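Novice: I would like the atomic coordinates for the input below:
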Amino acid sequence: MIVYCATSNPGKIREFRVGAHAGIEIEPLPGLAEIAPPEENGSTFEENAITKAIAYGRYTEGWLFAEDSGLAVEALKGEPGVYSARYAGPEATDRQNNELVLDRLGDAPDRTARFICVIALVYGGCVVRTFQGTVEGEILREPLGANGFGYDPIFYYRPFGCSFAEVERDCKLSVSHRGAALAAMTAYLKTATLVGP
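Specialist: The predicted structure follows:
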């Protein structure tokens, strides 16, 4: 079964392919680069994931999913939240986003944070279901590690004793927010018919 993914982020594509169950192939939506992206103006990850899934789902008759994910820091009242990818500006790099989180958090003693991912699955352009995954952690005082992407270098996961950027992709995916949401979606797809929900 081929399931198209509406993301151009190579890091996310790699994780989705690694984490997909046997028999499910994750492929980028053909022609994605030529499709005008929808405006992500939702106040929640779920709203944005659904908006993207519906918009891109019009370009295929089969299965497609879109996701919205990000970092929520307790001491920053949930920021960067839905603005995670563009926290330091529309064209911000991962490094700039990380630096802004660290700058705004400063020496705050409460460094509790969580990654959140919501996947919206559509078939024939219609929403079938959403799936959510979360993982709890803490914000480090400086970036550590060269693996991963996004906020991985500043996200400390206590059971591993290191940042998400200091572990291999397979190891991170086994506990990550994206891995949990993907596992729930692919488990659902294994029970769905090949022609639709």
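
Novice: from here on, just use CA atoms for contacts and neighbour counts.
Specialist: OK.

Novice: how many residues are close by G31?
Specialist: For G31, the count of nearby residues is 8 (other CA atoms under 10 Å).

Novice: against A36, how distant is the residue lying closest to E166 once chain neighbours are set aside?
Specialist: Leaving out its chain neighbours, the residue that sits closest to E166 by CA to CA, 6 or more residues apart in numbering is G145, at 4.4 Å. Using CA to CA, to the nearest Å, one gets 34 Å for the distance from G145 to A36.

Novice: could the C-alpha coordinates of the strand or helix carrying Y4 be exported in CSV?
Specialist: Assigned by DSSP states H and E, Y4 belongs to strand 2-5. Extracted in CSV, the C-alpha atoms of strand 2-5 (Å, rounded to 0.1, in the frame of the first residue of the first chain):
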residue,chain,number,x,y,z
ILE,A,2,1.3,3.4,-1.0
VAL,A,3,0.5,6.3,1.3
TYR,A,4,1.5,9.8,0.1
CYS,A,5,2.9,12.3,2.5
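
Novice: oh, and call the first residue 36 from now on, that's how I've got it
Specialist: Sure, I'll start counting at 36 from here, so that last one is strand 37-40.

Novice: now it, how far from the centre of its chain.
Specialist: Averaging C-alpha positions (CA atoms, centre = their mean, to the nearest Å) puts strand 37-40 16 Å from its chain's average.

Novice: any idea which helix or strand in the protein has the lowest mean pLDDT?
Specialist: helix 45-54 (a mean of 83; mean pLDDT, DSSP states H and E).

Novice: which strands and helices sit next to that helix?
Specialist: Judged by 3 or more CA pairs under 8 Å, 6 or more residues apart in numbering; DSSP states H and E, helix 45-54 is in contact with strand 60-63, helix 204-208, helix 212-226.

Novice: the spatially most central residue of the chain: what secondary structure?
Specialist: Central residue of the chain (CA atoms, centre = their mean): S104, 3.8 Å from the mean position. With DSSP: H, G, I helix; E, B strand; the rest coil as the basis, S104 sits in strand.
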